[in-house]
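Trainee: here's a sequence, model it:
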Amino acid sequence: MTLPRIVVAVLLLSGLLVFSGAPPALGLSDVYKNNIYDPGDLKPTDSILKVRTGDPAPEFTLSSVGGAPVSLAAYKGHKNVVLSFVPAAWTPVCSDQWPGYNIARPLFEENDAVLFGITVDNVPTLHAWTQQMGDLWFPVLSDFWPHGRVADAYGVLRSDGMTERALFVIDKAGIIRHIEVTDINVRPNLADLAEALSGLK
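Mentor: Numbering: from 1, shown residues only. The predicted structure is shown next:
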């Protein structure tokens with residue numbers, strides 16, 4: 001029996017399916033695992049959301065590692081959008097989470113969605129980090145200056161200046177349809193995101 005691509009992606013990222021010869025940990029390959037800074041266990045959450053499902057998504061334009069600025073407004077009416085806020089470059093869970101979305105790319109494509117990765121790190125830092133992670137199919141955006149302005153607008157800027165580990169699903173009308181703020185120490189469950197995306201039109 002052949003599993004649908006979305007099911008395979010969900011099983012892989014949930015750790016329920018393993019291919020022989022697969023690299024160890026999606027992001028923490030032997031190539032650069034010694035460059036990763038481990039901050040230890042952090043307070044699971046440390047912010048108060050400023051938006052709710054059903055609200056219009058706060059607009060933004062951010063610099064990208066690719067060079068061109070990216071605006072949320074450019075996708076309104078055309079694509080569903082997923083925002084993936086992660087706390088910091090060069091940390092273990094973040095370095096595992098984003099490469100995992102390469103495996104899950106069909107999940108986004110089949111639901112007419114794009115993914116934006118957002119951190120409060122500056123562009124040079126994000127450039128170096130993403131180079132070591134390998135090719136990511138989605139734009140990586142810097143919310144560095146004014147520091148964390150976009151994260152703050154959504155209510156996921158922590159008191160230490162990092163962001164929560166958070167996902168926002170925004171429909172083509174620019175309305176927030178799903179919010180997931182998870183324990184900063186744990187990679188989000190892809191199955192929850194898959195369910196949220198499947199409910200969009």
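
Trainee: roughly how far apart are Val70 and Gly54?
Mentor: Remark: distance between Val70 and Gly54 (C-beta to C-beta, to the nearest Å) = 24 Å. From N, CA and C alone the C-beta is placed, and that goes for glycine too.

Trainee: correction: Leu115
Mentor: Distance from Leu115 to Gly54, counting by C-beta to C-beta: 22 Å.

Trainee: for Ile179, what are phi and psi?
Mentor: Backbone geometry at Ile179, expressed as degrees, to the nearest 10, gives phi -130, psi 130.

Trainee: could I get the pLDDT score of it?
Mentor: We have a pLDDT of 98 for Ile179.

Trainee: now for it: which residues touch it?
Mentor: Leu49, Val51, Arg52, Thr53, Ala166, Leu167, Phe168, Val169 (C-beta atoms under 8 Å, 6 or more residues apart in numbering).

Trainee: if we use 10 Å, what do you get?
Mentor: For Ile179, the contact set (C-beta atoms under 10 Å, 6 or more residues apart in numbering) comprises 49, 51-53, 55, 83, 154-156, 166-169, 196.

Trainee: the strands in this protein, which residues?
Mentor: 61-64, 70-71, 80-85, 113-119, 140-142, 165-170, 176-182 (DSSP state E).

Trainee: adding distance to Ile36, write those out as JSON lines.
Mentor: Formatted as JSON lines, the strands of the chain follow (distance: least, C-beta to C-beta, whole Å):
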{"stretch": "strand 61-64", "distance to Ile36": "23"}
{"stretch": "strand 70-71", "distance to Ile36": "26"}
{"stretch": "strand 80-85", "distance to Ile36": "18"}
{"stretch": "strand 113-119", "distance to Ile36": "15"}
{"stretch": "strand 140-142", "distance to Ile36": "17"}
{"stretch": "strand 165-170", "distance to Ile36": "16"}
{"stretch": "strand 176-182", "distance to Ile36": "20"}
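
Trainee: leaving out chain neighbours, which residue sits closest to the spatially most central residue of the chain?
Mentor: Residue closest to the average C-alpha location in the chain (C-alpha atoms, centre = their mean): Ser84, at 2.5 Å. Nearest residue to Ser84 in three dimensions, chain neighbours excluded: Gly117, at 5.0 Å (C-beta to C-beta, 6 or more residues apart in numbering).

Trainee: now do that neighbour against Gly199, distance only.
Mentor: 22 Å.

Trainee: out of these two, which sits in the more crowded spot?
Mentor: Per other C-beta atoms under 10 Å, whichever of Gly117 and Gly199 has more neighbours is Gly117, with 22 against 12.
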